[in-house]
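Q: how does the following fold in three dimensions:
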Amino acid sequence: MMGRVTISHNLGEDSTNVSNIFIDEYMQDANDAQIKIYLFLLRMMSANLPTSVSALADKFNHTEKDVIRALKYWEKKELISLEYDVSGNLTGIHMEDIVAPQNLGRRKSDTVLRTVSSHRESSFEDHKEELPEVVAPSKPKYSAAQLRAFKQTEGANIAFLAEQYFGRPLASTEMLTLYYIHDELKFSDDLLDYLMQYCVDNHKTDFRYVEKVALSWSQEGIKTPKQARAEIYKHDPEVISIMKALGMDNSPTEKEGNFISSWRGELGFSMDIIAEACDRTVMATQKNRLKYCDSILRSWHEKKVETREDIARLDADFTADLKKKRSMASVSSINSKLRSDESYIRQSGNQNRFNQFQQNTYNFAELEEKLLDN
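A: So this is what the prediction gives:
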């Protein structure tokens, strides 16, 4: 039997301090995601680096909902405080001074950690509501015969699509995940197809992530790809920030989300270029702003715009062209006025009043003699 083990260290300056109170009192009740998120926040604070909900989700292969739930868990435990702007965008996290649970009354605030460098980078709605944990239905233990039957029937097409999307043959555990989603969560083939597309498009190829998204959609009552798209847009920080930039405070509909998604996907514009189009739209109109902004971006796309410098060049060309047209219009107007005057002067015959005035010449010497004679 082994005796006590002495732990030593050889740590340099590139390390992060974790409170013993956190380890002793708080870590035991937290789940894997919550612990990872908190430790990473400590790491970012010690290095004075910014982060965001989307960055945390990418870092640990979680959904953004998982990250938000973890943040709210630690806020509830009073280890952090979340800070929002008036639009509901996360703008900062206060890392609270950790004290033992019985001494919570003497807590004091610690340094503020800014976690969102731009309102366009990460925003989400309903921050005042406590997001529920996704509770997975108990997983049945499928037999090899059941899995084999699934592969040979309705699962054959699903497996083929999955291998095309993920670019590799599926492991048996991955096939079991698809079977579980199809059989237990009752996803249709179309919805399961869209689920895999969504995960691959977001560079999430771990089937644990696929299952988490499926559970989240199942909890939301999503049954069709259309409903899934609408749900995705509601939590897409870029879609939400673009809508806010256009002065639209409602949750995006599928149609609105499709519009905005096409600017990023089909047209390939960066958020910086889209933001410029939004600014111009807001200054120009209060109605049909999505369509107006869409027309601006499609016009820029046709003219091969990629940077703000390209936009400045187009603006300069437009201004020069406008001045030229105005100059030509002014000359045309003057010529038209002259022609009008000439037509007045040169009427047929000698009945023109102007001609009469010009032709009425008088001999003032003769008039003077007549006056003297009288």
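
Q: show me the helices in the stretch 101-250 of the chain, by range?
A: Ranges of helices in the stretch 101-250 of the chain, per DSSP state H, counting those that start in this stretch, are 144-152, 155-166, 172-183, 189-201, 207-219, 225-234, 237-245.

Q: so which of those helices is the most packed in?
A: Each of the helices of the stretch 101-250 of the chain was scored by mean neighbour count; the highest is helix 237-245, a mean of 22, by mean count of other C-beta atoms under 10 Å. Heads up, the C-betas are built off the backbone N, CA and C, glycines and all.

Q: what about residue 28, neighbour count?
A: Burial measure for residue 28: 8 neighbouring residues, criterion other C-beta atoms under 10 Å.

Q: got the domain boundaries for this protein?
A: Domain segmentation of the chain under automatic domain parsing yields 20-113, 144-234, 237-302.

Q: want to throw those into CSV with distance to residue 311?
A: Formatted as CSV, those follow (distance: least, C-beta to C-beta, whole Å):
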stretch, distance to residue 311
domain 20-113, 26
domain 144-234, 27
domain 237-302, 6
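
Q: show me where pLDDT drops low in the stretch 51-200 of the chain?
A: Applying pLDDT under 70 to the stretch 51-200 of the chain flags the ranges 85-88, 100-138.

Q: that one: strands as residue ranges?
A: Secondary structure of the stretch 51-200 of the chain by DSSP state E, counting those that start in this stretch: the strands cover 80-84, 90-95, 112-113.

Q: please identify the pairing partners of the longest one and their relative orientation?
A: Paired strands of strand 90-95, with direction, are strand 80-84 (antiparallel), strand 112-113 (antiparallel) (DSSP bridges).

Q: of all the ones you listed, which lies closest to residue 66?
A: Closest approach to residue 66 among the strands paired with strand 90-95 is made by strand 80-84 (15.6 Å; C-beta to C-beta).

Q: who touches the closest one?
A: Residues outside strand 80-84 that contact it (C-beta atoms under 8 Å, 6 or more residues apart in numbering): 38, 41, 71-72, 74-75, 90-96, 109, 112, 127.

Q: ok, so of these, who is nearest residue 324?
A: Closest approach to residue 324 among those (C-beta to C-beta): residue 91, at 47.3 Å.

Q: so, low pLDDT: which residues of the stretch 251-374 of the chain?
A: For the stretch 251-374 of the chain, the stretches flagged by pLDDT under 70 are 329-374.

Q: can you rerun that using 90?
A: 251-255, 258-259, 261, 264-267, 270, 285-287, 306, 314-374 (pLDDT under 90).

Q: mind listing the helices in it by residue range?
A: Counting by DSSP H, counting those that start in this stretch, the helices of the stretch 251-374 of the chain are 254-264, 271-284, 289-302, 308-345, 353-359, 364-373.

Q: excluding its backbone neighbours, what's nearest the spatially most central residue of the chain?
A: What sits nearest the mean C-alpha location of the chain, by C-alpha atoms, centre = their mean, is residue 238, with 0.7 Å. Distances taken as C-beta to C-beta, 6 or more residues apart in numbering put residue 271 closest to residue 238, at 6.3 Å, once the chain neighbours are dropped.

Q: so the one you found versus residue 54, what's the distance?
A: 12 Å (C-beta to C-beta, to the nearest Å).

Q: residue 18 reaches residue 39, doesn't it?
A: Yes. The pair residue 18 / residue 39 is scored as a contact, 6.9 Å apart, by C-beta atoms under 8 Å.

Q: so how far is the helix or strand containing residue 34 off the chain centroid?
A: Taking DSSP states H and E as the criterion, residue 34 maps to helix 32-46. Taking C-alpha atoms, centre = their mean, to the nearest Å, one finds helix 32-46 lying 25 Å from the centre of the chain it belongs to.

Q: quick thing: my sequence starts at 172, can you match it?
A: All set: I'll call the first residue 172, so the last point we hit is now helix 203-217.

Q: residues in contact with that helix?
A: Helix 203-217 is contacted from outside by 187-189, 193, 198, 201, 221-222, 227, 230-231, 233, 237-238, 240-242, 244-245, 250-251, 264, 266, 282, 284, 286, using C-beta under 8 Å, 6+ apart.

Q: restrict that helix to CA atoms and write it as CSV.
A: The C-alpha trace of helix 203-217 is given here as CSV (Å, rounded to 0.1, in the frame of the first residue of the first chain):
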residue,chain,number,x,y,z
ASP,A,203,-17.1,19.5,-16.7
ALA,A,204,-18.2,22.5,-18.9
GLN,A,205,-18.6,24.8,-15.9
ILE,A,206,-15.2,24.0,-14.5
LYS,A,207,-13.5,24.5,-17.9
ILE,A,208,-15.2,27.8,-18.5
TYR,A,209,-14.3,29.2,-15.1
LEU,A,210,-10.6,28.1,-15.3
PHE,A,211,-10.3,29.6,-18.8
LEU,A,212,-11.8,32.9,-17.5
LEU,A,213,-9.1,32.9,-14.8
ARG,A,214,-6.5,32.3,-17.5
MET,A,215,-7.8,35.2,-19.7
MET,A,216,-7.9,37.5,-16.7
SER,A,217,-4.4,36.7,-15.6
